[in-house]
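The following comprises the amino acid sequence and a computationally predicted model.
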Amino acid sequence: MNLVRSELTKLRTTSTWWVFTLIMIPLWALAVLYNWGSSYATQQASTASDVPADQAEVVQVAGEAINVATTLYTSGQFLGVLLVMLLGAIIVTNEFFHQTATTTFLVSPHRERVILAKLITAVLVGLLFWLVTTVLNLIAVPFVLDALNVPVQLGEAGVWRAVGLNALAFALWAIVGVGAGVLIRSQLGATLTLSLGYVIGTMGASLVFFLLAEYVAEWFEKLQVLVPTTASALMISGTELPGNPPRWVGAAVLIGYALVTGLLGTAIMKRRDIS
Amino acid sequence: MDRPRSATLITRTSPKGVSVTVGQTSPGSEEIVVRNLTKHYKQLRAVDDLSFTVRSGRVTGFLGPNGAGKTTTLRMLLNLVTPTSGTATIGGQRYLELDQPIRHVGAVLEASSAHRGRTGVNHLRVICAAAGLPRERADEALALVGLTPAAKRKFKGYSLGMKQRLGIAAAMLGDPRVLILDEPANGLDPEGIRWMRDLLKALAAEGRTILVSSHLLSEMQQLADDVVIVAAGKLVRQGPVDEVLGSMGAAVQVRVRTPDPAKLTTALAAFQPSITPLPDGALLVTGMETAAIGHAAFTASVELHELTGERADLEQVFLQLTAGKAGIR
C-alpha cells in the first residue's frame, strides 16, 4: 500500500487535481441545466398526443417522476466519467511524458504492483469525483425537481440505487482510463483520443446502431449497450426502460471493458522496455 | 522503518562548504556482474555478448562512444529493459529479485526525470512513500547534494546542474551500497563536476560499488579506479585505469618538427606509424617510440628541430581502442 500512498502523493503534489476539479464544477452545472431542460421537454411530450405510438411508451416511462429524479440526481455522469477516465489515463502517461517511469520502476521493479496501485488510485479519485457531484446534486436537484413539480423522492430506493450504480460507473471508467493510458503512451495522444473517442464515438455509435436497426435488423438496437457510454447511462435509469436491456447488462458491459483494458494494460507494461 | 545497515553517520564538507552527511556502512562485497548480456533491437545489436565485472570499493568508469550500448546495458542491469539473453546481477541477485531495491542500488539515469510541476522535495517524498522510507530522508538527501535552498522550488525552474543533483539525491535516499550513474557530469559546471568527483570517491572509499558511464574521458581519468570500455555493444577493454593506459605504451604520441616533413615521412614509412600534420607545422607520430624516430631520422640524415614524447592519456587510448568501431550503426 506504500505504492498507493506514493501515487496519491504524486497526484497531490501537482496541479492536475485542482485543474480537473475546476473543470468539473462548471460541467456539472451545465449537466444539471441540460437534464432540467430535457426533463421538462419529456414532461411536455408525455402529456402531448402527437408522439408516435411506438415511442409513446418510452416517453411515458421516462417522464415518470422516478426517472426524472434519477436522471437529475446523477447529473454530471456523462462528462464526469470522461474526466475521471482522462485522469486515470494521465496518471499513466504522465510517467512517460515527464520520464518518471524510470524512477517509479526502479523503486518498484514489480510493475504489476505499480499498475495495481495506479488502478486503486484512479478508482479512489473516481469515487471522490462521484462523491462531489453527488453531494452537489443532493443540494441542487431538490430545487430543480420542485420547479418541475416533481416530488423530491429522496426516500425512494430507486434514486439511491441509481446514485450507487453511478459510483460504480465512475470507478469502472477510472479503470478503463488507466488501461487506455498504458495503451496510448503519449499524453496528448491519449487525452485527445479518449475525449474525441468518448464524445464523437458515442454519437457515431448511436448513429451506426440506429442505421443498422433501421435497415438491417431491429435486434441491432439491443447491442447498443455494448457502447460503453450507453452502458453507463443504462446503469443509472430509475426503472427498467421498455425496449432496453436490464440495468445489470450495462454494469456487466462496463466491468468487461474495465477488466480488458486493466489486464491488457498490465500485461503490456510488464513487457515494455523503459528507455 | 529505519534505514538498513547504517552504522554511523559521518559529516563531511563539500567544496562549496555545504555540510554533507553520508551514511557509512561496513564494507561488503556487492559486485556487479554482467555475463554474456545481449540486446537485439529490430535491426541493431545494441549490446552484443557483453561480460564484465564491477568491483566494490572502487569507482568504475563505463566508457564508450555514443551509441555503444552503455545506457542499454545499465537499463538491463536495472530491469528497465529486458535482455535478449545473458544476465546482469548485483551482489549475486537480479534487480527484480532484490527486496526493496533502492536500499541496495541507487541509480541516476536521466537528468530530467521528474514532473515539471512538482517541487524537488515532493519528488523525493513520492519515492520515499513508494519505498516505505521516512519522509525525513527527502530532506536529508537534499542536504547531501546541497539543494536544500531549492527544496520548495518547482522542478521546471531547476538548472541542468540542479536536476543532476536532485537525481543523485533520489539515488541516495535508500543509502544504497551500489550506485549506478549514467552520464552524471552532463550539465554540471566545473565546480559541480569537482563536487561530484569528491562525493563519488568518498562513497567508494566507504566500500560502495560505483559504476559511472561517461564520455568525458579526462574527467574519468581523474575519477575512475577501473574502466570498462565498450564499442558497438562489445567489450573492448576492462581493467584498472593505470593498467589500461600502460598496455597502450606503443600508442605514445610523439611531436616531431623538421624542415623536411616529406623526407621524414619516407624515412619512417618502414615502421608503418600514423603521421598527422599539425597546424603549427609539426608532425604527430603515433605507433613509434621517440628513440626509434630519432634513430630513423639520423640514419636518413633528416634534420630534426623538435622531438617530444607525449604520455598517453585515456582519451587517446580510448580513441585508438574504439577506432573503426564507433560511429553511427
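That came through, no problem.

rest of the way, CA atoms for contacts and neighbours
OK.

got the contact list for A:T229?
Neighbouring residues of A:T229 by C-alpha atoms under 8 Å, 6 or more residues apart in numbering or on different chains: A:F78, A:Y198, A:T202.

now swap in A:R271 and tell me
Applying C-alpha under 8 Å, 6+ apart, the residues near A:R271 are B:T82.

cool, and B:I293?
B:L268.

So it, which state does it fall into?
Secondary structure, DSSP: H, G, I helix; E, B strand; the rest coil: B:I293 is helix.

picking up where we left off before, derive a ChimeraX selection command for the buried subset of the contacts of A:T229.
Buried residues among the contacts of A:T229 (16 or more other C-alpha atoms under 10 Å in any protein chain shown), as a ChimeraX selection:
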select /A:78,198,202
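
so where do the helices sit in chain A?
Under the criterion DSSP state H, helices of chain A are mapped to A:2-12, A:16-47, A:53-62, A:65-73, A:77-97, A:101-107, A:111-147, A:157-183, A:187-215, A:228-235, A:247-271.

How about the last one, which residues are buried there?
The one in question is helix A:247-271. Neighbour-count burial for helix A:247-271 [16+ other C-alpha under 10 Å]: A:247, A:249-251, A:253-259, A:261-266, A:269-270.

what does the longest one give?
Neighbour-count burial for helix A:111-147 flags A:111-134, A:136-138, A:141-142, A:144-145 (criterion: 16+ other C-alpha under 10 Å).

On the pLDDT front, check residue 4 for me.
Assuming you mean chain A. According to the prediction, A:V4 has pLDDT 91.

try again with chain B
43.

which of the helices of chain A has the lowest average pLDDT?
Mean pLDDT is lowest for helix A:53-62 among these, at a mean of 66.

which ones are touching the most centrally placed residue in chain A?
With distances taken as C-alpha atoms, centre = their mean, A:V81 lies nearest the centre of chain A, 3.1 Å away. Counting by C-alpha under 8 Å, 6+ apart, A:V81 touches A:G126, A:A169, A:F170, A:W173, A:A174.

Distance check, it against A:F20.
Separation of A:V81 from A:F20 (C-alpha to C-alpha, to the nearest Å): 12 Å.

any idea how far B:G287 is from chain A?
B:G287 sits 40 Å away from chain A when distances are taken as C-alpha to the nearest C-alpha, to the nearest Å.

what distance separates stretch B:140-152 from the centre of its chain?
Between the centre of stretch B:140-152 and the centre of its chain there are 24 Å (C-alpha atoms, centre = their mean, to the nearest Å).

pLDDT wise, what is residue 52 at?
In the absence of a named chain, this looks at chain A. Among the per-residue scores, A:P52 shows a pLDDT of 63.

my bad, chain B
Note on B:F52: pLDDT of 94.

these two touch, right, it and B:V228?
Yes: assessed by C-alpha atoms under 8 Å, B:F52 is found in contact with B:V228 at 7.4 Å.

Let me see the backbone angles for B:T38.
phi -140, psi 140 (degrees, to the nearest 10).

Pull the contacting residues for it.
Applying C-alpha under 8 Å, 6+ apart to B:T38 gives the contacts B:R45, B:A46, B:V47, B:D48, B:D49, B:L50, B:P83, B:T84, B:S85, B:G86.

how about a cut-off of 7 Å?
Contacts for B:T38 (C-alpha atoms under 7 Å, 6 or more residues apart in numbering or on different chains) come out as B:V47, B:D48, B:D49, B:L50, B:P83, B:T84, B:S85, B:G86.

Could I have the PyMOL command that selects the buried members from the residues you listed?
Selection of buried members from the contacts of B:T38 for PyMOL, criterion 16+ other C-alpha under 10 Å:
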select buried, chain B and resi 47+48+49+50+83+86
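
In strands, which of the contacts of B:T38 appear?
Members of the contacts of B:T38 lying in strands (criterion: DSSP state E): B:V47, B:D48, B:D49, B:L50, B:S85, B:G86.

and those residues as JSON lines, adding distance to chain A?
Below are these laid out as JSON lines (distance: C-alpha to the nearest C-alpha, whole Å):
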{"residue": "B:V47", "distance to chain A": "14"}
{"residue": "B:D48", "distance to chain A": "17"}
{"residue": "B:D49", "distance to chain A": "19"}
{"residue": "B:L50", "distance to chain A": "19"}
{"residue": "B:S85", "distance to chain A": "14"}
{"residue": "B:G86", "distance to chain A": "16"}
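
from those residues, which is closest to B:P101?
Using C-alpha to C-alpha, B:G86 comes nearest to B:P101 of these, at 20.7 Å.

doesn't B:N36 make contact with that closest one?
Yes: the pair B:G86 and B:N36 passes the contact test of C-alpha atoms under 7 Å, sitting 4.7 Å apart.

mind listing what the residue of the stretch 151-300 of chain B found nearest chain A touches?
Residue nearest to chain A within the stretch 151-300 of chain B: B:A170 (8.7 Å; C-alpha to the nearest C-alpha). For B:A170, the contact set (C-alpha under 7 Å, 6+ apart) comprises B:L124.

same thing but at 8 Å, please
Counting by C-alpha under 8 Å, 6+ apart, B:A170 makes contact with B:G106, B:V108, B:L124, B:I127, B:A141.

How about residues contacting stretch A:94-104?
So stretch A:94-104 is contacted by A:114, A:185-187, A:274-275, B:80, B:109, B:112-116, B:127 (C-alpha under 8 Å, 6+ apart).

picking up where we left off before, now do the shared contacts for B:G86 and B:N36.
Joint contacts of B:G86 and B:N36 (C-alpha under 8 Å, 6+ apart) are B:D49.

Nice, that's everything, thank you.
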